[in-house]
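In: With the input below, show me the fold.
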Amino acid sequence: MKFVLNVFNTEINIIDRLMSISQDQKVVIIDKNIHKLYKSDLDLLLKDTPIFLFEAEENNKTINEVKKIYTFFIENNVTRETVIIGIGGGITTDIVAFAASTFKRGCKLQLIPTTFLAMIDAAIGGKTAINFNGIKNVVGTFYPAEKVYIHPGFLETLQEIDRQSGWAECLKVALINDNGLYEILKNDNKLVTSEIIEKAIQIKMMHCENDLRDSGERQKLNLGHTFAHLIESASDYTVSHGEAVAIGVRKAAEFSYNEKMISVNDFNIIKELLDKYKLPDSISNEIKSKINKRGRELLFQDKKAGKKVRLVLFQGFQDIIVKEVNDHQKVIDLMIS
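Out: I've put the predicted structure just below:
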């Protein structure tokens, strides 16, 4: 699997760069908020291009919304040679990639992520997904985009909650092995830079290129995600993915410490990095109550689960192991503590 990325300099006008993406027949699916922010430029650029405006909310990442996108494709004579371009954050890139991968058994796909999280995670690696029956990302495919265009300039209009979500995934990547990103983040002044974006992308690509289907090395990128999916499902997605991942990484570290897999020093270093970036460390009592009642059910619904719970844990600082755990209750108890 090969990824083709174009990283644009922040000084270069976003819209000028978008004009060079594709001169082929194309359709665009775009986050409605992004379209509003850049409306005048986009309308000029895409005046002859069919546009589908997507309400980018987690509760809209469903088969019903995919049906609307399929209808949009049919109405605009989309063929397997048509370039489908998705512009938006992780919710948008997830559903656009899923629709492109399944329509006519796969169409050309290009992505333009507009959030920090989407740039370093959601749009990279070829995973597509929608939610079904309240279960996050339970339906999906592996379908890498032909090209992913990264432009840090979009981050100028990013809301702080979305910036924090990106930091959660970025710090997760820094903790999975000694890859140089931790040193940058430890000494950084918490500004999202092109260097950080490119480094985080490079690390993710290294884990994905030889493991597209998430059966080996790529599983390490799921650090914190089993705990995070519990939180997201129990909260009905009122807790964002990034917030949930941040808490999930903390819980993975705590679980590892409780199991005597890491030292108290390792545990504290992990917590200190998350604290430096002011990432959340707790969930509400209401969510804890739902996890207490439905935790076992939610754990079995996780797409990574089998008869055992698969956790990505620390066996040292920047030393990750994928481990299957028999005791579901131990995971639940940790979440509600």
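
In: how about the residue of the chain positioned farthest from its centre, what does it touch?
Out: Distance from the C-alpha centroid of the chain peaks at Asp48, with 31.0 Å (Cα atoms, centre = their mean). Contacts here follow Cβ atoms under 8 Å, 6 or more residues apart in numbering; on that basis Asp48 touches nothing. Just so you know, the C-beta spots here come from the backbone N, C-alpha and C atoms, and that holds for glycine as well.

In: ok so it is a strand residue?
Out: No - assigned with DSSP: H, G, I helix; E, B strand; the rest coil, Asp48 falls outside any strand and is coil.

In: Give me the distance between Asn76 and Ile34.
Out: 20 Å (Cβ to Cβ, to the nearest Å).

In: which residues in the protein form helices?
Out: Ranges of helices in the chain, per DSSP state H, are 14-18, 32-37, 39-45, 63-75, 90-102, 116-117, 160-176, 181-187, 194-208, 225-234, 241-258, 264-276, 285-301, 328-336.

In: so which of those gets nearest His151?
Out: helix 14-18 (5.4 Å; Cβ to Cβ).

In: Next, give phi and psi for His263.
Out: Not quite, residue 263 is Ser, not His. Main-chain dihedrals, Ser263, degrees, to the nearest 10: phi -80, psi 170.

In: Find the residue closest to the residue at minimal distance from the centre of the chain in space, skipping its chain neighbours.
Out: The chain has Ala122 as the residue nearest its centroid, 3.5 Å off, counting by Cα atoms, centre = their mean. Here the nearest residue to Ala122 in space, its sequence neighbours aside, is Gly90; by Cβ to Cβ, 6 or more residues apart in numbering that works out to 3.2 Å.

In: what do you get for Ala200?
Out: Leaving aside its sequence neighbours, Ala200 is closest to Ile120 (4.0 Å, by Cβ to Cβ, 6+ apart).

In: Repeat that for Glu57.
Out: Ile91 (6.9 Å).

In: circling back: the residue nearest to the centre of the chain: what's it in contact with?
Out: Gly89, Gly90, Thr93, Asp94, Pro113.

In: one more time with 7 Å, if that's ok
Out: By Cβ atoms under 7 Å, 6 or more residues apart in numbering, the residues touching Ala122 are Gly90, Thr93, Asp94, Pro113.

In: How about Glu58?
Out: Ile91, Tyr237.

In: In JSON lines, list the contacts of Ala122 along with neighbour count and distance to Val325.
Out: Below are these laid out as JSON lines (neighbours: other Cβ atoms under 10 Å; distance: Cβ to Cβ, whole Å):
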{"residue": "Gly90", "neighbour count": "28", "distance to Val325": "28"}
{"residue": "Thr93", "neighbour count": "33", "distance to Val325": "31"}
{"residue": "Asp94", "neighbour count": "25", "distance to Val325": "28"}
{"residue": "Pro113", "neighbour count": "26", "distance to Val325": "33"}
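
In: Show me which pair in those is furthest apart.
Out: Asp94 and Pro113 (10.7 Å).

In: wait, what's in contact with Leu42?
Out: Taking Cβ under 7 Å, 6+ apart as the test, what Leu42 contacts is His35.

In: hmm, back to that, I figured the residue nearest to Ala122 hits Ala118, correct?
Out: Yes - judged on Cβ atoms under 7 Å, Gly90 makes contact with Ala118 at a distance of 4.4 Å.
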